[in-house]
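> Sequence and computational prediction follow.
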Amino acid sequence: MEARQASILNMEALEGHARLTSRKRLRFRTRSLRNLLRMGHCAPAVMKSMSDICGFGEDWPIQMAAGLPGGIGDTGHECGGITSPVLFLGLRYGLGDEHEGLPLVFYKGHDHFRRFLDRNGTPLCREIRGDNYRLTRCIKAVCCAPEIALTAVSGDSRDAISGERRLAFARIYSYLGGRGFHCSRAVLERLSPEFPADSEPLEAAAGYLGGTLLTGMTCSALAAGVMALGFGLREFEDSLPRVMRMIVLMKTGGEAFADRVNKFNRIMNLGKTLSQWFAGEFGDTQCRAITGCDFSSVADVKRYIDTDRASQCLAISEKVAGKVLSMARIEN
């Protein structure tokens, strides 16, 4: 517990960057570009940059983000410029500091989400990168993500969720909390002892509920499974020459994402295997498609509760945890 408190206090250096001057923005973007060129993938590079900024000296958050590039399990959905900051905000706030029935991490996460959308036009990896990997757009998303997240941290953010959406979110959160269920944490808790009940990785996953911040995007059980694979394998890429080789292979049609090319590739490829299994097992990877529920709608939330869809979500979490364990045994 003391170690966790120390790390959270260390992370409070984030608030010291509340006023983002032009010089700070340039410094953060330069750091992000340098990390991207040494790591080669969006989500771990964004996480590394945010860890650098706040002085959080541990590698496990970066490894936890290692399978998220390509849109969580290479599905093309949430960009790493969203997924890593949501992880980081979870580590910063956990599920505490509720406002009108919803933890602060959801307000901060939605604040980041909307600012990212304003900056990049879309939250989706496949639309940012395009069919031919438009690297300039990926670089922009990666280099600006830390400063967007810092803006969310330093602001009030409570207006990021309002009206019916706030009511619906609060109701589904209360209902799931009453059942003791949280999508991503349910997966990670089943992978104990890697993720003990009071662990920081569980805190980091706080925003992964209802398909990333209750948006109905990638199922949070699947997201947690991908995170667990990265956390367990502990691979770490940090080589400019290797990343330059990977970029050349990308632009010339080579096997840029083969395991041997980049140390994060193996984790990303395992995440892709998991997401393909998941889609085959449950028909889709997206929470809204699986549950048939828009969590921003009070009527849909009522239907979710009345038809006991949470039991379906619990079963999915159990199956994902079992699949991750079987994959980890094969890898080891």
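Right, received. Where do you want to start? Bear in mind that the values here come from a model prediction, so they are computed numbers and not experimental data.

> other SSEs contacting the helix or strand containing Gly322?
In the assignment (DSSP states H and E), Gly322 maps to helix 309-331. Where contact means 3 or more Cβ pairs under 8 Å, 6 or more residues apart in numbering; DSSP states H and E, helix 309-331 is packed against helix 183-189, helix 220-233, helix 263-282, helix 287-291. Quick note: C-beta positions are derived from backbone N, CA and C, even for glycine.

> Please identify the most buried of those.
helix 220-233 (a mean of 28; mean count of other Cβ atoms under 10 Å).

> any residues touching whichever helix or strand comes after that one, and which ones?
Next along the chain after helix 220-233, taking DSSP H and E as the criterion, comes helix 240-252. Under the contact criterion Cβ atoms under 8 Å, 6 or more residues apart in numbering, helix 240-252 has outside partners 37-40, 133, 135, 237, 254-257, 261-262.

> How about stretch 173-183?
For stretch 173-183, using Cβ under 8 Å, 6+ apart, the contacting residues are 95, 101-103, 106, 206, 208-210, 214, 219-221, 224, 301, 305, 310, 313-314, 317.

> Please repeat the previous calculation with a cut-off of 7 Å.
Contacting residues not belonging to stretch 173-183 are listed as 101-102, 208-210, 220-221, 305, 310, 313-314, 317 [Cβ atoms under 7 Å, 6 or more residues apart in numbering].

> What subset of these is buried?
For those, a burial check counting by 16 or more other Cβ atoms under 10 Å picks out 102, 208-210, 220-221, 305, 310, 313-314, 317.

> Okay, buried residues for stretch 191-209 please.
Of the residues in stretch 191-209, 191, 195, 199-209 count as buried by neighbour count, 16+ other Cβ under 10 Å.

> actually stretch 85-100, sorry about that
In stretch 85-100, counting by 16+ other Cβ under 10 Å, buried: 85-95.

> Quote the end-to-end distance of it.
23 Å (Cα to Cα, to the nearest Å).

> Averaged pLDDT, that stretch. What do you get?
Mean per-residue pLDDT for stretch 85-100: 93.

> Need the contact partners of that stretch.
11, 14, 46-47, 50, 61, 64-65, 103-105, 107-109, 112, 145, 149, 158, 166, 170, 200, 203-208, 212-213.

> tell me which residues of the helix or strand hosting Cys143 are tucked away?
Here Cys143, judged by DSSP H and E, is contained in helix 135-154. Neighbour counts using 16+ other Cβ under 10 Å place 137-153 of helix 135-154 among the buried residues.

> Give me the subset of the contacts of stretch 85-100 lying in helices.
If you go by DSSP state H, the contacts of stretch 85-100 have 11, 46-47, 50, 61, 64, 104-105, 107-109, 112, 145, 149, 166, 170, 200, 203-204 in helices.

> And the buried ones among the residues you listed, selectable in PyMOL?
Buried residues among the ones in helices among the contacts of stretch 85-100 (16+ other Cβ under 10 Å), as a PyMOL selection:
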select buried, resi 11+46+47+50+61+64+104+105+107+108+109+112+145+149+166+170+200+203+204
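
> State the distance from the spatially most central residue of the chain to Cys293.
The centre of the chain sits closest to Thr83, judged by Cα atoms, centre = their mean, with a distance of 2.8 Å. Between Thr83 and Cys293 the distance is 22 Å, computed by Cβ to Cβ, to the nearest Å.

> Pull the contacting residues for the closest residue in space to Leu124 that isn't next to it in sequence.
Nearest non-adjacent residue to Leu124, counting by Cβ to Cβ, 6 or more residues apart in numbering: His77, 5.9 Å away. His77 makes contact with 71, 124-125, 217-218 under the criterion Cβ under 7 Å, 6+ apart.

> Now for those, which sits with the most neighbours around it?
Gly71 (28 neighbours; other Cβ atoms under 10 Å).

> Can I take it that that one is in a helix?
No - remark: Gly71 does not belong to a helix; assigned using DSSP: H, G, I helix; E, B strand; the rest coil, it is coil.

> Now do the same contact list for the nearest residue to it once chain neighbours are set aside.
Once flanking residues are discounted, Gly71 sits nearest to Cys125: 3.5 Å by Cβ to Cβ, 6+ apart. Contact analysis of Cys125 by Cβ under 7 Å, 6+ apart lists 70-71, 76-79.

> Including distance to Thr273 and pLDDT, could these go into a markdown table?
As requested, those are arranged in a markdown table below (distance: Cβ to Cβ, whole Å; pLDDT from 0 to 100):
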| residue | distance to Thr273 | pLDDT |
| --- | --- | --- |
| Gly70 | 12 | 91 |
| Gly71 | 15 | 94 |
| Gly76 | 16 | 94 |
| His77 | 16 | 96 |
| Glu78 | 19 | 97 |
| Cys79 | 21 | 96 |
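
> mind giving me JSON lines with these and columns for distance to Arg288?
Formatted as JSON lines, these follow (distance: Cβ to Cβ, whole Å):
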{"residue": "Gly70", "distance to Arg288": "20"}
{"residue": "Gly71", "distance to Arg288": "16"}
{"residue": "Gly76", "distance to Arg288": "16"}
{"residue": "His77", "distance to Arg288": "11"}
{"residue": "Glu78", "distance to Arg288": "13"}
{"residue": "Cys79", "distance to Arg288": "18"}
